[in-house]
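Asker: Sharing a model prediction with you, sequence too.
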Amino acid sequence: MRDPHRVAILISGRGSNMQELVEQSNGYQVVLVASNKPLAAGLEWVRSRGLPTWTWDSKGVAKERWDEALCQALDDHRIGTVALAGFMRILSPWFIDRWRGRIVNIHPSLLPKYRGLDTHQRAIDAGDTVGGCSVHVVTEELDAGEVLGSAEVPIEPDDTHDTLEQRVLAAEHLLYPRILSEFVRR
Ligand code: GRF
């Protein structure tokens with residue numbers, strides 16, 4: 001039986017959302033941080049906290065093999081919920097099926113607007129006055145699963161990609177821990 005309160009976070013880079021999920025954990029426990037990038041900046045922080053990590057450089061490894069190894073690591077740690085946080089990799093359909101309804105992700109737009117990459121520039125180019133972020137359930141279709149919650153931020157006329165990214169990121173850091181703690185209870 002998988003325990004939904006036992007959470008693994010998957011990262012590929014800086015890991016600022018991952019840090020907030022660990023520090024603000026409420027009703028769940030982060031028991032593993034996994035990465036496809038052994039040099040991901042966020043891993044240093046995880047290790048300094050004494051939290052277990054699992055990493056395997058996915059470069060040059062067949063997708064199937066990498067995803068199977070990840071699945072094994074999650075099972076070894078009796079993970080019940082998987083939280084993607086800047087994880088820059090598409091998971092295999094069989095993996096998503098195996099974890100159906102138990103994988104969540106944070107996306108830097110107000111879904112269903114701007115699925116995929118470059119969300120901030122696309123919002124600015126469209127002349128939007130409101131942007132934001134969403135936490136959603138991961139399905140086979142990119143950024144298209146049930147939206148569990150979202151947070152809005154204003155887009156100012158002089159915003160650049162970087163200023164908007166910063167504002168949205170601050171909203172992500174509040175939204176994701178709150179939604180994850182609701183999600184593991186349902
Ligand atoms: C965040 O903007 C998140 O919405 C997106 O990737 C970025 C990850 O940032 N999925 P960080 O690694 O959590 O700092």
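Answerer: Structure received. Numbers count the residues shown, from 1 in each chain.

Asker: rest of the way, CA atoms for contacts and neighbours
Answerer: Will do.

Asker: Would you mind measuring from residue 107 to residue 168?
Answerer: Using CA to CA, to the nearest Å, we find residue 107 at a distance of 10 Å from residue 168.

Asker: Can you pull the residues that touch both of the two?
Answerer: Common contacts of residue 107 and residue 168 (CA atoms under 8 Å, 6 or more residues apart in numbering): residue 133.

Asker: Contacts for the helix of greatest length in the chain next, please.
Answerer: Across the chain, the longest stretch assigned as helix under DSSP state H is helix 161-183. Helix 161-183 is contacted by residues 16-17, 20-21, 24-28, 106, 108, 120-121, 124, 131-135, 148-153, 155 when judged by CA under 8 Å, 6+ apart.

Asker: buried set for that helix?
Answerer: By 16 or more other CA atoms under 10 Å, the buried positions in helix 161-183 come out as 164-165, 167-169, 171-173, 175-181, 183.

Asker: filter those residues by proximity to the ligand?
Answerer: residue 169 (CA under 6 Å from any ligand atom).

Asker: wait, which of the buried residues of helix 161-183 is closest to the ligand?
Answerer: Using CA to the nearest ligand atom, residue 169 is the member of the buried residues of helix 161-183 that lies nearest the ligand, at 5.8 Å.
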